[in-house]
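>>> Below is the sequence, then the predicted model.
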Amino acid sequence: MPHTTRSVSGDRTATAMGMRRLTNKARIEAFLRRNPELHIYSLGDLDDYFWPDTTWYGWEEAGEIRDLVLLYTGSTLPTVVGISEQPPGIWELLRAVCPLLPERFSAHLSPCVEKAFEQTHQIAPHGPHYKMGLHDATRAGRIDCSRIIRLTRHDLDDLLRLYGESYPGNWFDPRMLETGQ
């Protein structure tokens, strides 16, 4: 399912009612794992390394998380992730969370939900963002991995050059090399 990457900045005047800040990592993970391909980046942000830089907001219904918005503040420009299989619910949640967000941020959003910010922010679309998922794990087992090396801080210059040439204007946080992942 495609979603869109955007930069958002502006005045925060909406009210935040009916949503909660979520802090239970296991409950958040259970919600995200319902559709891991859709929420793969948010699942990564549950890692102990990234967790301190995350704030999670959600709607709950009958004790179950219905929708989820992530604010990641571990980079220079904070990132808001509002991706859902049910865009009307995520739109409502984004409107409720809006006053709690920084004035300026990057956003990964389900299609058309950027309208939640139309009255409070200027939106600069950066185009669709696609994710891939591997559904047949046996195919991965047939790949020769004997020459794979783990990247470290010593590879930073090469990685920055690769991103600059192949993926210009996109995000890479050098701190990720410290995770060993």
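Ah, there it is. Predicted, not measured: the structure shown is a model, and the values here were computed from it.
>>> could you pull out the strands for this structure?
Secondary structure of the chain (DSSP state E): strands at 3-10, 20-22, 54-61, 64-72, 79-82, 104-109, 121-129.
>>> can I get those in CSV with distance to Leu93?
From N, CA and C alone the C-beta is placed, and that goes for glycine too. Shown next, in CSV, are the strands of the chain (distance: least, CB to CB, whole Å):
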stretch, distance to Leu93
strand 3-10, 15
strand 20-22, 10
strand 54-61, 6
strand 64-72, 5
strand 79-82, 7
strand 104-109, 11
strand 121-129, 16
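>>> I'd like these as TSV, with mean neighbour count and distance to Leu46 appended.
Below are the strands of the chain laid out as TSV (neighbours: other CB atoms under 10 Å; distance: least, CB to CB, whole Å):
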stretch	mean neighbour count	distance to Leu46
strand 3-10	18	19
strand 20-22	14	12
strand 54-61	19	8
strand 64-72	21	10
strand 79-82	22	12
strand 104-109	21	16
strand 121-129	13	20
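>>> where among the ones you listed is the average confidence lowest?
Mean pLDDT across the strands of the chain is lowest at strand 3-10; the value there is a mean of 51.
>>> if we can go back for a sec, which stretch among the strands of the chain comes nearest Gly89?
strand 64-72 (4.4 Å; CB to CB).
>>> Name the strands paired with that closest one and say parallel or antiparallel.
strand 54-61 (antiparallel), strand 79-82 (antiparallel) (DSSP bridges).
>>> What separation do you get for Gln122 and Trp91?
18 Å (CB to CB, to the nearest Å).
>>> how about stretch 23-42: buried residues?
The neighbour-count check on stretch 23-42 (16 or more other CB atoms under 10 Å) flags 27-28, 31-32, 38-39, 41-42 as buried.
>>> quick one, domains of this protein?
Taking automatic domain parsing as the reference, the chain has its domains at 3-131, 146-181.
>>> What count of nearby residues applies to Gly164?
Gly164 has 12 neighbouring residues, counting by other CB atoms under 10 Å.
>>> you'd agree Arg27 is up against Glu60?
No: using CB atoms under 8 Å, Arg27 is not in contact with Glu60; the gap is 9.3 Å.
>>> Next, the contact list for Thr23, please.
Residues near Thr23 by CB atoms under 8 Å, 6 or more residues apart in numbering: Trp56.
>>> mind checking pLDDT for it?
For Thr23, pLDDT reads 96.
>>> again with Thr120
90.
>>> residue ranges with poor pLDDT in this protein?
1-18, 181 (pLDDT under 70).
>>> Quick check: Asp155 vs Ile148, distance?
Asp155 is 13 Å from Ile148, by CB to CB.
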